[in-house]
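Student: next input, structure requested:
(one chain, ligands or ions: 1)
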Amino acid sequence: MERPDWAPDNIDLSRPSVARAYDYWLGGSHNFEVDREFARQAMAAVPDLRLVARANREFLHRAVRFMLDQGIRQFLDIGSGIPTVGNVHEIAERVDPDARVVYVDIDPVAVAHSEQILADRPNAVALLEDLRHPEAILDHPETRRLLDLDQPVGLLLVSVVHAIPDQDDPYGLVKRLWTALAPGSCVAISHVTTDSRPDEMGAGARLSGRTQTPVTARTRSEVAAFFTGLDLVEPGLVWSPLWRPESPADVGEHPERMSFYVGVGRRT
Ligand SMILES: C[S@@+](CC[C@H](N)C(=O)[O-])C[C@H]1O[C@@H](n2cnc3c(N)ncnc32)[C@H](O)[C@@H]1O
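Tutor: Below you'll find the model as predicted:
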């Protein structure tokens, strides 16, 4: 297979990647046939998967705007994915050109493409790291250079916590991250569930077992438990389109079909 110049040498092309399938669902071009084949299979199980992906992405945008309104000017975006429309640094820089962003992803294509588009931006970096190593992320010299952990940080865990199986202690990992942040920091989490569409989303979650980052769907109370110790801001834990929608179009007709529980917690 011919390797495009944006593709790093060390990627495994024998298995689909969720980062690259998500890029495909959102209309991006940083994906391979192995990813597109997986993405189409998932769309056969969940025909409106593109809308589901978009509703999740739009929650990310609204959560970042909310945090900016709260005065937050530095962001740690873990599981940031392949850069696509409305990246965190673009939203943040519109409000404050000095805003700082650390992107983290486990996928080499996501990080390589992020590095490319951030090459002329001193206030944002992309790190190849794993959510399962919170200290490596927090103590990374680039994190320390860009983020002042004595000031509030916007921690973004959007569509990534479900990539951590129970045996890897997802609750402990999330807590280790936010307890390292200053009071006033906010944590955004979005998480896949099969609660509203058990058959379709269940089939989609099973298919993800073919990728390097299989999905563990969780129930509402299991997702709510990630916010233990944080103040859940209004409107609480809701379907992705219902979190502070900015227009009726954001809500759509069946928000529960978007199959992501989302919320923002504040560290006091
Ligand atoms: C569906 S994408 C979400 C992208 C972006 N956060 C959004 O919501 O638009 C999930 C991303 O999480 C990344 N990911 C999965 N497991 C991870 C881990 N253990 N550590 C860091 N990133 C991870 C994947 O590589 C992928 O890019």
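Student: are the helix or strand harbouring residue 200 and the ligand in contact anywhere?
Tutor: Taking DSSP states H and E as the criterion, residue 200 maps to helix 198-207. No - using Cβ under 6 Å from any ligand atom, helix 198-207 stays clear of the ligand, with a minimum separation of 12.2 Å. C-beta here means a position set from N, CA and C on the backbone, and glycine is covered the same way.
Student: pull out the buried residues from the longest helix seen in the chain.
Tutor: For the chain, the helix with the greatest residue count under DSSP state H is helix 49-69. Along helix 49-69, these residues count as buried under the neighbour rule (16 or more other Cβ atoms under 10 Å): 49, 51-68.
Student: now swap in stretch 226-238 and tell me
Tutor: So for stretch 226-238, counting by 16+ other Cβ under 10 Å, buried means 226-227, 230, 233, 237-238.
Student: could you check how far the helix or strand just after the longest helix of the chain is from the centre of its chain?
Tutor: Counting by DSSP H and E, the next helix or strand C-terminal to helix 49-69 is strand 74-78. With Cα atoms, centre = their mean, to the nearest Å as the basis, strand 74-78 stands 10 Å off its chain's centre.
Student: residues contacting the following helix or strand past strand 74-78, please?
Tutor: Using DSSP H and E, the helix or strand that follows strand 74-78 in sequence is helix 88-95. In this structure, residues lying in contact with helix 88-95 by Cβ atoms under 8 Å, 6 or more residues apart in numbering are 60-61, 64-65, 68, 73, 75, 77, 80, 99, 101, 103, 118, 121, 123-124, 156.
Student: can we see that at 7 Å?
Tutor: Residues external to helix 88-95 that are found in contact with it (Cβ atoms under 7 Å, 6 or more residues apart in numbering): 61, 64-65, 68, 75, 77, 99, 101, 121, 124, 156.
Student: reformat the residues you listed as JSON lines; add distance to residue 200 and pLDDT.
Tutor: Supplementary listing: the contacts of helix 88-95 in JSON lines, determined by distance: Cβ to Cβ, whole Å; pLDDT from 0 to 100:
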{"residue": "61", "distance to residue 200": "25", "pLDDT": "97"}
{"residue": "64", "distance to residue 200": "29", "pLDDT": "98"}
{"residue": "65", "distance to residue 200": "31", "pLDDT": "98"}
{"residue": "68", "distance to residue 200": "35", "pLDDT": "98"}
{"residue": "75", "distance to residue 200": "33", "pLDDT": "98"}
{"residue": "77", "distance to residue 200": "28", "pLDDT": "98"}
{"residue": "99", "distance to residue 200": "38", "pLDDT": "98"}
{"residue": "101", "distance to residue 200": "34", "pLDDT": "98"}
{"residue": "121", "distance to residue 200": "39", "pLDDT": "93"}
{"residue": "124", "distance to residue 200": "36", "pLDDT": "97"}
{"residue": "156", "distance to residue 200": "27", "pLDDT": "98"}
